[in-house]
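Asker: here is the input, now give the coordinates:
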Amino acid sequence: MTSSSAPAPAPQGAPQHLRPLRRLTARGREEPHRVASPLELFFDLCFVVAIAQAGGELVHAVAEGRPGEGVLNYALLFFAIWWAWMNFTWFSSAYDNDDALYRVVTLIQIAGVLVLAAGVSQGFAEHDYMAVWLGYVIMRLAMVAQWLRAARSAEGPERTMALRYAGGVLLCQFGWAGLVLLPEAARLWVYVAMVVVEMCVPLYAEKDHPTSWHPHHIAERFGLFTIIVLGETVSAATVAVKSALGEHDALGELLPIAAGGLLIVFSAWWIYFVVPIHGHLRSNRQSFLWGYGHYLIFAAAASIGAGLEVAVEQAVGGAHISTFAASAAVTLPTALYLVTVWALHARHFKVGLAQQLVLPVTALLVLCCTFLGDWAVPAAGAVSAAAVATGTTLTARTAGRERPAPAAAGVS
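Answerer: Predicted coordinates:
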């Protein structure tokens, strides 16, 4: 393992990597074979529990004819989940030493997200954010402890950067207290203000000394989380179809929705992973925009599952909304996902106007599918699959034209 700081000398007879407590020093950005650790994978899985809770409440709100309120609450709660996840992800990419204390503090963060998940229902139904706030504070105070530990082992600009992170995150927790102390009418404005402040903390902390995050590791972590969120989408839709079949035996109505939903999710996976994005992440300016933009990717991917659940409930008469509204619950997040993945990923690797237009045009066609009534979801799935086929064909043709022609046989 490479490191930007010299490790502390190991005690006699004890290798450095076996010590239960080690200095939390920065890892090297060029470290080879850097992959996600089992602790990081466990961290991601536990965070998806909170996402699933938020998605379930979104389904109830939309199915009951309260889409505006449901989407707003979902967006607010999803930010708290995503922001805590992303902060840890970037920190672990730079400072993960996997010792006992690092593991314990990370497990405390996991406990915090489970507390937050337990409060999601109260946040949606009663606008009572006490449990959500408490869970978020647990996660963020654990993050402060990690940064203070990193500062203790650092010197100069790196130490200043770590202390700025710790101080900024700590001060933000006082602002978030407004969600439980101030009148309900003021809470939305407090939330918006605190979102802006939270997102400015990394910009301020790293203005003089960037963290040594690892491009390949970061790309893998975000990709793995995308897979987990898409997997949760498939799981939620499957459970919804199973329940509807058990109660209503409406296979004819549900089969097109299930097929269309699978095509959408399969296409979403293909489109995200078709390009090796780690080669694009070379500076903080690029990485901040890319990382912040994933709020929309993750939220849209999770919302697709919620939309499929709504479409299933509407098909069997369990939702008090129109077919158009149920279709929009699927097509809107799908279109948002396609456009955001294109903006953050695909456009950097597309050659020519035709390739660049595939995903934006697909997003527009998916939106048009909203007006197709009962066939909106399968049509959106077919359009998404066609986008994958078109993009693959165009890429293959471009590669074929750029490949040098083999030398003629027998010509010296």
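Asker: I figured residue 28 hits residue 213, correct?
Answerer: No: Residue 28 is not in contact with residue 213 according to C-beta atoms under 8 Å; the separation is 10.8 Å. Every C-beta, even on glycine, is put in place using the N, C-alpha and C of the backbone.
Asker: ok, the two, which is more surrounded?
Answerer: Comparing residue 28 with residue 213 by other C-beta atoms under 10 Å, the one with more neighbours is residue 213, at 23 against 14.
Asker: ok, the more buried one - contacts?
Answerer: Residues near residue 213 by C-beta atoms under 8 Å, 6 or more residues apart in numbering: 29, 90, 93, 94, 287.
Asker: run the last query once more with 7 Å
Answerer: Going by C-beta atoms under 7 Å, 6 or more residues apart in numbering, residue 213 touches 29, 90, 93, 94.
Asker: confirm it sits in a helix?
Answerer: No: counting by DSSP: H, G, I helix; E, B strand; the rest coil, residue 213 falls outside a helix, being coil.
Asker: which helix or strand contains the residue nearest to it when sequence neighbours are not counted?
Answerer: Nearest-residue entry for residue 213: residue 93, 4.2 Å, with adjacent residues in sequence omitted and distances by C-beta to C-beta, 6 or more residues apart in numbering. Using DSSP states H and E, residue 93 sits in helix 67-95.
Asker: and residue 210, backbone torsions?
Answerer: Dihedral pair for residue 210: phi -70, psi 150, per degrees, to the nearest 10.
Asker: sort out which residues of the helix or strand hosting residue 237 are buried, please.
Answerer: In this assignment (DSSP H and E), residue 237 forms part of helix 215-248. For helix 215-248, a neighbour-count test (16 or more other C-beta atoms under 10 Å) marks 215-226, 228-230, 232-234, 236-237, 240-241, 244-245 as buried.
Asker: show me what it packs onto, helices and strands only.
Answerer: Secondary structure elements in contact with helix 215-248, counted by 3 or more C-beta pairs under 7 Å, 6 or more residues apart in numbering; DSSP states H and E, are helix 38-63, helix 67-95, helix 251-273, helix 284-315.
Asker: turn these into a markdown table, including mean pLDDT and distance to residue 194.
Answerer: Output for the helices and strands packed on helix 215-248, formatted as a markdown table (pLDDT from 0 to 100; distance: least, C-beta to C-beta, whole Å):
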| stretch | mean pLDDT | distance to residue 194 |
| --- | --- | --- |
| helix 38-63 | 90 | 18 |
| helix 67-95 | 91 | 10 |
| helix 251-273 | 89 | 30 |
| helix 284-315 | 88 | 15 |
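Asker: most tightly packed of the ones you listed?
Answerer: Scoring the helices and strands packed on helix 215-248 by mean neighbour count under mean count of other C-beta atoms under 10 Å gives helix 284-315 as the most buried, with a mean of 23.
Asker: any buried residues in the very next helix or strand once past that one, and which?
Answerer: Next helix or strand after helix 284-315 toward the C-terminus (DSSP H and E): helix 323-344. Counting neighbours by 16+ other C-beta under 10 Å, one finds that the buried residues in helix 323-344 are 323, 325-344.
Asker: for the most centrally placed residue in the chain, which residues are in contact?
Answerer: Central residue of the chain (C-alpha atoms, centre = their mean): residue 298, 3.6 Å from the mean position. Neighbouring residues of residue 298 by C-beta under 7 Å, 6+ apart: 82, 225, 229.
Asker: just residue 146 next, same as before
Answerer: Listed by C-beta under 7 Å, 6+ apart, the contact partners of residue 146 are 91, 105.
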